[in-house]
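[1] Next input, structure requested:
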Amino acid sequence: VTWIRNLIQALSSRRRHHRIRLDGRDPAASRPPLLHGRKEYYEIPLQPKNFELDRSLKLEQEDRGKIMIGLCYAPAKSELTVRVIQCVNLIAMDANGYSDPFVKLNLKPGQDKFKKYKTEVKKRTLNPEYNEEFHYILSQQELQEKTLEITVWDKDFGTKNDFMGALVIGNRCSGERWSHWEVMMKQPYQRHDRWHSLCPELLLD
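    So this is what the prediction gives:
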């Protein structure tokens with residue numbers, strides 16, 4: 001009986017040794033030592049996520065087509081000239097796969113002082129060309145505080161017009177929508193043409 005017990009113990013010892021050799025290390029050695037009195041510190045960000053910024057980025061990325069706008073300011077005449085040049089890849093609003101688009105302009109704040117403009121309607125197209133100019137009289141100081149709201153609509157004869165897309169450039173904007181306004185103020189007497197993406201609603205930063 002004694003020699004059988006010794007044989008079992010020897011085999012058990014060899015199996016444990018074999019397992020350690022295959023792993024390359026003793027499993028017990030991989031456990032971190034217990035450190036008494038040790039303190040750990042973690043940094044947890046308390047600033048909330050900017051959901052409004054995320055929402056603005058998502059809206060800007062939604063494809064509603066593009067519009068090319070030209071801006072020019074003449075300080076001697078205190079005149080801002082806005083040229084609506086063309087749109088491309090507008091969304092189809094009518095059953096025939098086209099739209100009848102036109103563009104509205106609204107300079108803010110002070111919409112009671114400044115006239116609201118709109119272009120001609122271009123029928124059955126998603127890539128209208130306008131090349132129409134509109135003029136506002138205002139000082140350089142006023143210009144720095146303004147935003148220009150540009151909206152594109154589908155003309156429905158006899159019913160309410162359908163909204164297609166929007167753009168805001170000027171004060172309280174960022175990125176290309178601000179830099180276009182800024183270069184117009186810094187380089188007067190020149191027309192600055194740029195493409196802008198249309199959004200599903202008016203965006204202010």
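[2] just checking, next helix/strand downstream of the helix-or-strand element of the chain with minimal mean pLDDT?
    Lowest by mean pLDDT, DSSP states H and E among the helices and strands of the chain is helix 51-61, with a mean of 48. From helix 51-61 onward toward the C-terminus, using DSSP states H and E, the following helix or strand is strand 66-74.
[3] List the buried residues in the helix or strand just after that following strand.
    Toward the C-terminal end, the helix or strand that comes next after strand 66-74 (DSSP H and E) is strand 79-88. For strand 79-88, the neighbour count (16 or more other Cβ atoms under 10 Å) marks 80, 81, 82, 83, 84, 85, 86, 87 as buried. All C-beta atoms are positioned from the backbone trio N, CA, C, and that covers glycine.
[4] cool, and stretch 113-131?
    For stretch 113-131, by 16+ other Cβ under 10 Å, it's 114, 117, 119, 121, 122, 126, 128, 130.
[5] so what pLDDT did residue 5 get?
    If you check residue 5, the pLDDT there is 67.
[6] do the one 5 residues further on as well
    In this model, residue 10 is scored at 62, pLDDT.
[7] what secondary structure does residue 133 sit in?
    Put simply, residue 133 is strand when judged by DSSP: H, G, I helix; E, B strand; the rest coil.
[8] whoops, residue 177 was the one
    Classification of residue 177 using three-state DSSP returns helix.
[9] thinking again about what came up before, what about the buried residues of stretch 113-131, which are in strands?
    Of the positions in those, 117, 130 sit in strands, assigned by DSSP state E.
[10] and of the buried residues of strand 79-88, the nearest to residue 184?
    Nearest to residue 184 among the buried residues of strand 79-88: residue 80, at 8.2 Å, using Cβ to Cβ.
[11] Could you check which helix or strand contains the residue lying closest to that closest one once chain neighbours are set aside?
    Spatial nearest neighbour of residue 80, excluding adjacent residues (Cβ to Cβ, 6 or more residues apart in numbering): residue 136 at 4.4 Å. Per DSSP H and E: residue 136 is located in strand 129-137.
[12] contacts for that strand?
    Applying Cβ atoms under 8 Å, 6 or more residues apart in numbering, the contact partners of strand 129-137 are 77-87, 103, 105, 107, 114-115, 117, 119-120, 122.
[13] next one: stretch 151-159
    Here stretch 151-159 has contacts from 65, 67, 87, 90, 93-94, 99-104, 106, 121, 161-167, 198, 202, using Cβ under 8 Å, 6+ apart.
[14] Selection in ChimeraX covering whichever of those residues are buried, please.
    Here is the ChimeraX command that selects the buried residues among the contacts of stretch 151-159 (16+ other Cβ under 10 Å):
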select :65,67,87,90,93,99,100,101,102,103,104,106,121,161,162,164,165,166,167,198
